[in-house]
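I'll drop the sequence and a predicted model, then ask my questions.
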Amino acid sequence: MLSATELYEFVKLPMLVKHYIEHKEENQHMTLLEFLATHYAHDTIVDKDFKDDMKLPFKSCDHATLMNVPVVLNQQESQIVIKFSEYSQDKSPVIPSLSYNDAYLSAIWQPPRMG
C-alpha cells in the first residue's frame, strides 16, 4: 500500500526532525516555520546539505503523482482591540452646525435623462 501512494513519504518524518535539529544547532533563532519555509516554500537551493534536503518528505518526485499545495506562513502577531462607549441621548450623531440644502442635494441626485 505504501508504494502505490504517497504514504511512504511519512516514513521519512524522522529525517525531517533530524534535519531540523541540525539546522537549529547551526542557528538557534530558526523557528520550525522558518525551517519549513526554507525547505518547502522557497526555491530549492543547492548547498552543502542539498543531498539531505532531497531526502526530506515530499521533496522529490519519485512517482507520477504530483500535488501542489499553497503554503502561507505568517508569523506576525496581531491584536484587535474593540472599545465600547456608552450611548447617551445628549450626544447626537448628526452635526447640528451643518445645514443641508435640499434643493442642492436634489439637483445632484437625478436619474439619467435621454437627449
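All right, it came through fine. Since we're looking at a predicted model, the values are computed, not measured. Residues are numbered from 1 along each chain as shown.

Now the helix of greatest length in the chain - C-alpha only, PDB.
With DSSP state H setting the assignment, residue counts place helix 13-26 as the longest helix in the chain. What follows is helix 13-26, C-alpha atoms only, in PDB (Å, rounded to 0.1, in the frame of the first residue of the first chain):
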ATOM      1  CA  LEU A  13       9.400  12.100   9.000                       C
ATOM      2  CA  PRO A  14      12.200  11.200  11.400                       C
ATOM      3  CA  MET A  15      14.600  12.600   8.700                       C
ATOM      4  CA  LEU A  16      12.700  15.800   8.800                       C
ATOM      5  CA  VAL A  17      13.100  16.100  12.600                       C
ATOM      6  CA  LYS A  18      16.800  15.200  12.400                       C
ATOM      7  CA  HIS A  19      17.400  17.800   9.700                       C
ATOM      8  CA  TYR A  20      15.600  20.500  11.700                       C
ATOM      9  CA  ILE A  21      17.700  19.700  14.800                       C
ATOM     10  CA  GLU A  22      20.800  20.100  12.600                       C
ATOM     11  CA  HIS A  23      19.700  23.500  11.400                       C
ATOM     12  CA  LYS A  24      18.700  24.500  14.900                       C
ATOM     13  CA  GLU A  25      22.200  23.700  16.100                       C
ATOM     14  CA  GLU A  26      23.600  26.000  13.400                       C
END
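
What are the boundaries of the helices in the protein?
Using DSSP H, helices in the chain cover 13-26, 32-36, 50-53, 102-108.

Can you add mean pLDDT, mean neighbour count and distance to Met114 and give the ones you listed back as JSON lines?
Heads up, the C-betas are built off the backbone N, CA and C, glycines and all. Shown next, in JSON lines, are the helices of the chain (pLDDT from 0 to 100; neighbours: other Cβ atoms under 10 Å; distance: least, Cβ to Cβ, whole Å):
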{"stretch": "helix 13-26", "mean pLDDT": "91", "mean neighbour count": "13", "distance to Met114": "70"}
{"stretch": "helix 32-36", "mean pLDDT": "90", "mean neighbour count": "14", "distance to Met114": "61"}
{"stretch": "helix 50-53", "mean pLDDT": "88", "mean neighbour count": "13", "distance to Met114": "69"}
{"stretch": "helix 102-108", "mean pLDDT": "64", "mean neighbour count": "8", "distance to Met114": "19"}
